[in-house]
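Visitor: Here's my sequence, what's the structure:
(one chain, ligands or ions: 1)
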Amino acid sequence: MKKSNLDRRDFIKINSALGLGAATLLSTNPLQAINIFNAKHQQPAILGGQPAMASDWPSWPMWNPETDEKRLLEVMRSGVWSRKNVTIEFENKWAATVGSKRCLAVVNGTNAMNASLANLEVGWGDEVIVTPYSFIASISCVLFNGAIPVFVDIDPDTFQMDATKIEEKITKRTKAIMPVHILGLPCDMDPIMNIAKKHNLVVVEDACQGWLAEYNHQKVGTFGDAGCFSFQNSKNLPIGEGGAIVSDNDAFMDRCYSYHNYGMPYGSMKVEGSSGAVMAGNKLRITEYQAAIGLAQLERLEDQTSKRSENAEYLKSKIATVPGITPYKLYEKVTRASFHLFPFRYNKEAFKGLPRHKFLAAMRAEGIPCSAGYFPLNKMPYLKNAFESKNYKLFYSKKDLNYADYEERNQCPINDVICGEEAIWIPQYVLLGSMSDMNNIYNAIQKIYDNAALLNK
Ligand SMILES: *Cc1c(COP(=O)(O)O)cnc(C)c1O
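Guide: Residues are numbered from 1 along each chain as shown. Model (predicted):
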């Protein structure tokens, strides 16, 4: 809009859009009005300016009745709702997608991990190497099976378990390592698998945020003895609830199958000449309608994963130019990330001391969904609660269960800083927006940076 084109009517429009009164209108010339208009764009939304992102983000989960409902309706109308052919089809597809020999669908990611550890006989008396930067289910599965979690601090650049700090935590009791490909950014699997091989340890991968993510062109979840996935509603492959175990080990997968089906015989678990349950099992089966939803969602996963990657790379390059903003790094051998979350680190010193919670509030006012992410898993009350339980007291010595000592041994100072001060997440569905949406995120951050002093008043 040029000065000469700005007639009185436009002038009034701008002024009323800005919420300015007639008095301002009369005392302001058109050129000043343009400046005010620009200033209003530059003013943080939390202080009354225009939000950097005015339109909506893609909604989640996605569902297209035309393409997604045919299989689901077939299932519903068939009356075959309990585990059968559609579930098998989903399992075969997921196994092929990640490049694993076998897949077993289960009720959720939490129980995929519980069952994997149980059927690899990781439990009472064992120590399991874990990360403090994850969702609670990554540790509760260890306690659920009676083992003791041993925390390894994280690599602040990647947010993953720091592979260089694993070996110092290995003892005679160490039985397993549980790498979590947290946020959808793969762990450094080569060193982790080498350490596991050297010390003869079981590896169970928590790939509950790692659908289609790759390290050295191999899908995460296929490096260890078992890989566990989640299909919960917020996840990149959403079914509402659901999970899966993948592995190439037939004996282990037969065992998991029996376990997930009341302990009924399956494959190599069959006992000749006897009938009925062959083990103390559980019931973890998914339904046919969940599998039908999963098959529909699987159709969009590849394209969405590419889109998230492209947007993440672009957004990363943009925001890395803002002082005090440090986006995630990927390990050299990572060939694809799934970006369940887009993470970056925030240094408040570069933002005139503006604390993270105020930065987050300002970002949300700009229309950018974001959060501070996880709390440290090595510092929550559930650990002490397990140590004080009847069975832990029966099995472990007083020395083992001295909680003050345990806390001391399991400190993760880098993770404390990441969780407590620096981490910022943008959720996966935001990365399904357009390139101009990504520019809006950058604009929001830049605007907050430019106005940091004002925002910290
Ligand atoms: C979601 C999630 C789980 C648990 O999966 P559910 O399906 O919710 O039980 C475990 N680990 C991580 C890292 C997750 O994000």
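
Visitor: Buried residues, stretch 95-106. List them.
Guide: 95, 97-98, 100, 102-106 (16 or more other C-beta atoms under 10 Å). Every residue, glycine included, has its C-beta placed from N, CA and C.

Visitor: and what of stretch 186-197?
Guide: 186-189, 192-193, 195-196.

Visitor: what sits up against that stretch?
Guide: Residues outside stretch 186-197 that contact it (C-beta atoms under 8 Å, 6 or more residues apart in numbering) are 155, 158, 160-161, 163-164, 166-167, 170, 177, 179-181, 201-203, 205, 210, 213-216, 218, 220, 223-224, 330-331, 333-334, 337.

Visitor: pretty sure Gly373 is in a strand, no?
Guide: No. Gly373 is assigned coil when assessed by DSSP: H, G, I helix; E, B strand; the rest coil, not a strand.

Visitor: Tell me who's in contact with it.
Guide: 341, 343, 419, 423-425.

Visitor: What separation is there between it and the ligand?
Guide: Distance, Gly373 to the ligand, using C-beta to the nearest ligand atom, to the nearest Å: 12 Å.

Visitor: Next up, phi/psi of that residue, please.
Guide: Main-chain dihedrals, Gly373, degrees, to the nearest 10: phi 80, psi -150.

Visitor: Spit out the contact partners of the residue in the stretch 301-450 of the chain positioned nearest to the ligand.
Guide: Nearest to the ligand in the stretch 301-450 of the chain, going by C-beta to the nearest ligand atom, is His340, at a distance of 6.9 Å. With contact set as C-beta under 8 Å, 6+ apart, His340 has these partners: 183-184, 209-210, 235-236, 428.

Visitor: Now intersect those residues with the strands, please.
Guide: Under the assignment DSSP state E, those contribute nothing to strands.

Visitor: Closest one of those residues to the ligand?
Guide: Gln209 (4.6 Å).

Visitor: Report the contact partners of that closest one.
Guide: By C-beta under 8 Å, 6+ apart, the contact list for Gln209 reads 180-184, 230, 235-236, 338, 340-341.

Visitor: Name the member of these with the most neighbours.
Guide: In terms of neighbours by other C-beta atoms under 10 Å, the contacts of Gln209 top out with Ser230 at 31 neighbours.

Visitor: Might one say that that residue is in contact with Ile239?
Guide: No. The criterion here is C-beta atoms under 8 Å, and Ser230 misses it with Ile239 at 9.4 Å.

Visitor: what about Asn64, neighbour count?
Guide: Asn64 has 10 neighbours, counted by other C-beta under 10 Å.

Visitor: will you turn the contacts of Gly373 into a markdown table that also has pLDDT and distance to Tyr262?
Guide: Listed next are those as a markdown table, based on pLDDT from 0 to 100; distance: C-beta to C-beta, whole Å:
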| residue | pLDDT | distance to Tyr262 |
| --- | --- | --- |
| Leu341 | 98 | 37 |
| Pro343 | 98 | 41 |
| Cys419 | 98 | 40 |
| Ala423 | 98 | 42 |
| Ile424 | 98 | 45 |
| Trp425 | 98 | 39 |
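
Visitor: which ones among these are found in strands?
Guide: 341, 343, 423-425.

Visitor: mind listing what the closest residue to Ile448 other than its chain neighbours touches?
Guide: Nearest residue to Ile448 in three dimensions, chain neighbours excluded: Ala362, at 4.9 Å (C-beta to C-beta, 6 or more residues apart in numbering). Applying C-beta under 8 Å, 6+ apart, we find Ala362 in contact with 44-46, 444, 448, 455.

Visitor: Which elements pack onto the helix or strand containing Gln446?
Guide: Gln446 belongs to helix 435-450 when assigned by DSSP states H and E. On a contact count with 3 or more C-beta pairs under 8 Å, 6 or more residues apart in numbering; DSSP states H and E, helix 435-450 meets helix 288-319, helix 356-365.

Visitor: how about these in TSV, adding distance to Gln50 and mean pLDDT?
Guide: Formatted as TSV, those follow (distance: least, C-beta to C-beta, whole Å; pLDDT from 0 to 100):
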stretch	distance to Gln50	mean pLDDT
helix 288-319	20	98
helix 356-365	11	98
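
Visitor: just the residues of the stretch 101-250 of the chain that are near the ligand, which are they?
Guide: Near the ligand, the residues belonging to the stretch 101-250 of the chain are 108-110, 134-135, 137-138, 180, 182, 206, 208-209, 230, 232, 243 when assessed by C-beta under 6 Å from any ligand atom.
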